[in-house]
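# heads up, no residue letters with this:
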Ligand code: UDP
């Protein structure tokens with residue numbers, strides 16, 4: 001298990017960003033839970049979950065909880081299997097094989113053997129390390145499974161394999177009540193939407209001149225409108241659909257540019273094929289930019305892109321939550337996004353942007369926003385306030401502390 005330790009974040013830094021009562025409630029919970037040993041366990045160093053833990057774990061420590069963060073080391077084979085599980089749990093057809101089980105359990109068993117003991121609460125994120133609870137035994141800890149994906153309609157063979165493993169947990173946290181798969185019995189249920197950190201390099205305020213400069217360094221013209229989708233290269237994020245919508249827009253607004261920004265990760269083998277496909281599309285179009293960490297786009301650059309774009313897109317076909325939506329709204333950008341998963345909880349249709357279900361709808365809404373900058377700005381401003389109220393890190397911290405307290409009280 002690889003331990004990640006990030007120091008220096010403090011709850012006090014969030015004063016002025018969220019309501020003082022919320023900070024007070026967090027401090028009170030922290031006092032009650034001072035010294036409690038909590039382990040957060042996930043797999044993979046990129047994507048939304050890692051992004052959140054990077055901020056959440058140091059804040060848990062700041063308020064008194066003895067939180068650690070461990071990452072499950074896996075190899076390519078393992079991540080291939082867990083990516084299939086992830087897709088199957090989100091509803092893609094699949095047929096679980098004996099080989100899948102073997103590879104999945106082997107890596108989980110290795111982790112279970114090396115799992116440090118002495119924790120009172122272990123929070124396991126997503127399906128990748130979910131079998132650790134079964135394989136490590138209870139160890140006098142309270143176990144929480146934190147599911148970040150949309151498991152409302154899971155593929156049966158994968159779900160029936162994982163279900164008994166998850167039923168051994170004391171509690172399960174889902175983003176939305178509708179995500180609880182049918183037949184799950186046992187764990188106490190909590191519903192907690194994720195959140196973004198307004199003080200991370202990804203979201204902190206950045207002077208617009210620096211943003212424009214950064215974007216310009218990747219070839220985009222910051223004086224021309226540009227559309228942006230920030231996402232892994234994953235079929236559920238529908239980058240090819242985004243390109244089709246952009247092509248429609250471009251027929252009427254030839255000055256528009258599109259940037260698809262996505263990080264490439266070793267634990268996402270499927271991404272490479274799609275990345276290449278998307279790159280081929282970009283070769284024929286000088287206004288279509290496909291950028292990733294390979295080209296040097298890091299968190300600060302993502303921040304700059306989100307702050308400089310005209311409209312943010314998140315045209316997902318399935319989406320656990322879609323942190324990128326809150327990230328863009330926080331930066332005052334209207335978002336055109338798929339009507340799926342956790343997105344409607346963030347974007348109210350016509351208020352903070354638009355919810356769409358097809359390429360045509362997407363391009364129509366993009367054209368509408370490009371034609372009405374005032375409306376776009378008003379939507380972005382409302383989105384910023386919505387995120388402040390519901391989707392900033394201190395609210396997530398409060399909810400997680402409540403869940404920790406609840407599982408400890410029940411034991
Ligand atoms: N992200 C990033 N660089 C990229 C693509 C994504 O930093 O090139 C970040 C993005 O800003 C967000 C997270 O990765 O914070 C993705 O979370 P989301 O919930 O949108 O999707 P997931 O990848 O978890 O399905």
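Received the coordinates, thanks. Note that the structure is predicted; figures quoted are calculated from it, not measured.

# so what's the spatially most central residue of the chain closest to, chain neighbours aside?
Residue closest to the average C-alpha location in the chain (CA atoms, centre = their mean): residue 48, at 2.8 Å. Once flanking residues are discounted, residue 48 sits nearest to residue 323: 4.5 Å by CB to CB, 6 or more residues apart in numbering. C-beta coordinates here come from the backbone N, C-alpha and C atoms, glycine included.

# Check this structure for the residue nearest the ligand and tell me.
In the chain, the residue that lies nearest the ligand is residue 48 (2.9 Å; CB to the nearest ligand atom).

# wait, what's in contact with that residue?
By CB atoms under 8 Å, 6 or more residues apart in numbering, the contact list for residue 48 reads 148, 194, 320, 321, 323.

# Show the end-to-end separation of stretch 219-236, please.
27 Å (CA to CA, to the nearest Å).

# Can you pull the residues of the chain lying near the ligand?
Proximity of the chain to the ligand (CB under 6 Å from any ligand atom) is limited to residues 47-48, 51, 202, 230-232, 261-263, 292, 297, 299, 302, 321-324, 327.

# go again using 5 Å as the cut-off
Within the chain, the positions near the ligand by CB under 5 Å from any ligand atom are 47, 48, 51, 230, 232, 261, 262, 263, 302, 322, 323, 324.

# Just the buried ones out of those residues, please.
With neighbours counted using 16 or more other CB atoms under 10 Å, the residues of the chain next to the ligand contain these buried positions: 47, 48, 51, 230, 232, 261, 262, 263, 302, 322, 323, 324.

# For the nearest residue to residue 92 once chain neighbours are set aside, give me the pLDDT.
Leaving aside its chain neighbours, residue 92 sits nearest to residue 155 (6.4 Å; criterion: CB to CB, 6+ apart). With respect to pLDDT, residue 155 scores 97.

# before we move on, back to that, separation between the residue of the chain closest to the ligand and residue 230?
11 Å (CB to CB, to the nearest Å).

# Low-confidence bits of this protein, can you list those?
45-46, 265-267, 269, 411 (pLDDT under 70).

# Assumed residue 336 was part of a helix.
No: counting by DSSP: H, G, I helix; E, B strand; the rest coil, residue 336 is not found in a helix; it is strand.

# what's around it, how many residues?
Using other CB atoms under 10 Å, residue 336 has 26 other residues around it.

# What residues does it make contact with?
Counting by CB under 8 Å, 6+ apart, residue 336 has contacts 311, 312, 313, 314, 315, 353, 354, 356, 362, 365, 366, 369.

# so of these, which ones are in strands?
Using DSSP state E, the members of these that fall in strands are 311, 312, 313, 314, 353, 354, 356.

# Enumerate the beta-bridge partners assigned to the third one.
For residue 313, the beta-bridge partners under DSSP bridges are residue 336.

# would you list every one of the helices in the stretch 201-350 of the chain?
Ranges of helices in the stretch 201-350 of the chain, per DSSP state H, counting those that start in this stretch, are 208-217, 239-252, 270-283, 299-308, 323-330, 343-346.

# out of the ones you listed, deepest packed?
Sort the helices of the stretch 201-350 of the chain by mean neighbour count, taking mean count of other CB atoms under 10 Å, and helix 323-330 sits at the top with a mean of 29.

# where does residue 189 fall, phi/psi-wise?
Note on residue 189: its backbone torsions stand at phi -110, psi 140 [degrees, to the nearest 10].

# Could you tell me how far it is located from residue 408?
17 Å.

# So the two - more neighbours on which side?
Using other CB under 10 Å, the more surrounded residue of residue 189 and residue 408 is residue 408, with 16 against 12.

# For this structure, which segments count as strands?
Assigned by DSSP E, the chain shows strands spanning 2-4, 37-43, 66-72, 121-125, 142-146, 171-174, 188-191, 226-230, 257-261, 288-291, 311-314, 335-338, 353-356.

# Helices along the stretch 51-200 of the chain, start to end?
For the stretch 51-200 of the chain, helices defined by DSSP H, counting those that start in this stretch occupy the ranges 76-89, 98-114, 132-136, 156-167.

# can I get these in JSON lines with distance to residue 1?
JSON lines is the format used below for those (distance: least, CB to CB, whole Å):
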{"stretch": "helix 76-89", "distance to residue 1": "14"}
{"stretch": "helix 98-114", "distance to residue 1": "6"}
{"stretch": "helix 132-136", "distance to residue 1": "10"}
{"stretch": "helix 156-167", "distance to residue 1": "18"}
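
# Rebuild the ones you listed as CSV, extending it with mean neighbour count and distance to residue 9.
Below are the helices of the stretch 51-200 of the chain laid out as CSV (neighbours: other CB atoms under 10 Å; distance: least, CB to CB, whole Å):
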stretch, mean neighbour count, distance to residue 9
helix 76-89, 21, 29
helix 98-114, 17, 27
helix 132-136, 21, 27
helix 156-167, 18, 31
